[in-house]
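Asks: Pasted the sequence and its predicted model underneath.
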Amino acid sequence: MLVPELLLCGHLIDRSGMPHLIGAFGREGMTAVAIEEWMAASPVYTRRMQKALDFEGDGVDTLFKGMQIEIGAPPQFMDFRYSVTDHDHGEFQLDHCGALMDVEPMGDEYVTAMCHDVEDPTFDATALATNPHAQVRPIHRPPRRPADRHPHCAWQVTIDPGNEPQPYPERATLLGRSEAATVTLTPIDHSEEGCGDYRGPLLSDLRFEDFSRSALVRIAEEVCIQQHLLALGFMLAVRERCDENDALEIGRKQLTGIAGLTAERLRDALGLSDTLDGLATVLALHPALNPRQYVDVEVDSVGGEGLRIVLGRRAGADRDNAWPSWITADHLEPLVALVRGVNPAFDLHVVEDLPDSLSIEVVVGEAPSKEASEVALTRFSTGAGFAFSGRGTPLPLTVVQ
């Protein structure tokens, strides 16, 4: 249950960040940042997931497998349907595109920005992680004509040695040197019951309960790393357009919006209470504070009446200047939004601010607080209330030799 939630919330990072980019740089600036952040992060995390689940290869089926387990294509909300002709040819269509549902009411200019300007370079950037000679080209795509056209879009993938090989994005090279790109995560125990890899045929859907427990742990950790990489790519692009203070302000707003909404979705998906015990579980699973090989955080009970959160300052996330490093004694907004996503009556107090740690206490306030504007903006997405459903037994889409 956790893995698809993490995939969807990772996708919604852009719903959290983009409104603030529009305010700072306009629609064209927002579009440029979106292109640059995804081109920076996607090739890096795609190769990580291929290696983690042992499905490395250079064919269309490998490319499609990677797309099934990445924050750019969360299952069902972005309902990709794949078909494979052979090693070098395939197609996919979106039977439902949650991103289109979010943007379509804003008008054709925003739809064109997403479905043309952003998708063309970023689909190819994702493809080159599998094969630099792969090209992803539209069969049809929005703006929809007629207005109810279905499927929402359709694309053709071709791998041809005659295709000009795509250059590896410069920002992806930069992110490839980060600790997020190189951190070692939980190994998969192949003696456990359930699938420990994705080496077989491409499946029509991934049914996550078919994986082993340790494989699910690893997938969840990798999806959290995908989110950190996307946020790092976002900040690379933003910093090129403004000074550091303004960049951090935009970054914190992005984190505040997605932190609060993610906490709420995790609480509801896992059937947790809005008590301190429920919050402790959300803190243990929240992608802004995971994986623990990358983020140094401890959560302890304080006399049964509060929680103590200690953010260490010497982890990989801090060396990368990633999300947790933006939470300071003077800027608790992202963490406030997170705890209030579980219960709007929760509040935070700084206990101790040291060079290598920040200690914060969670207490129950006297009255619920108003939702942060950054969370309210993120809630604009239809993904905020999206519900996953069972899809039955997945079918193989390639012939098993």
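Replies: Good, I have the coordinates. Predicted model only: the values in this text are computed from it and were never measured. Numbers count the residues shown, from 1 in each chain.

Asks: ok, which stretches of this structure are strands?
Replies: Remark: strands assigned in the chain by DSSP state E are 78-86, 89-97, 134-140, 153-159, 297-301, 307-312, 346-354, 357-364.

Asks: List the buried residues for the fifth one?
Replies: Buried residues in strand 297-301, counting neighbours by 16 or more other Cβ atoms under 10 Å, are found at 297, 299. Every C-beta, even on glycine, is put in place using the N, C-alpha and C of the backbone.

Asks: counting contacts, what elements does it pack onto?
Replies: With contacts defined as 3 or more Cβ pairs under 8 Å, 6 or more residues apart in numbering; DSSP states H and E, strand 297-301 has these neighbours: helix 276-285, strand 307-312.

Asks: Residue 62: which of those is closest?
Replies: For the helices and strands packed on strand 297-301, the distance to residue 62 is smallest for helix 276-285, at 29.3 Å, taking Cβ to Cβ.

Asks: circling back to that earlier point, may I see the helices and strands packed on strand 297-301 organised as CSV, with mean pLDDT and mean neighbour count added?
Replies: Formatted as CSV, the helices and strands packed on strand 297-301 follow (pLDDT from 0 to 100; neighbours: other Cβ atoms under 10 Å):
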stretch, mean pLDDT, mean neighbour count
helix 276-285, 97, 19
strand 307-312, 97, 19
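
Asks: which stretches of the stretch 251-400 of the chain have low pLDDT?
Replies: Applying pLDDT under 70 to the stretch 251-400 of the chain picks out residues 398-400.

Asks: Now do stretch 366-386: everything it contacts.
Replies: Contacts to stretch 366-386, defined as Cβ atoms under 8 Å, 6 or more residues apart in numbering, come from residues 8, 11-12, 15-16, 19-20, 74, 76-77, 98, 101-102, 253-254, 256-258, 260-261, 265, 333, 336-337, 340-341, 343-345, 347.

Asks: measure the nearest residue to residue 69 once chain neighbours are set aside to residue 218 for me?
Replies: Excluding its sequence neighbours, the residue lying closest to residue 69 (Cβ to Cβ, 6 or more residues apart in numbering) is residue 49, at 5.4 Å. Residue 49 sits 9 Å away from residue 218, going by Cβ to Cβ, to the nearest Å.

Asks: And the residue nearest to residue 302 when sequence neighbours are not counted, how close does it get to residue 178?
Replies: Take residue 302 and drop its neighbours on the chain: the residue closest to it by Cβ to Cβ, 6+ apart is residue 308, 5.0 Å away. Note on residue 308: its distance to residue 178, by Cβ to Cβ, is 29 Å.
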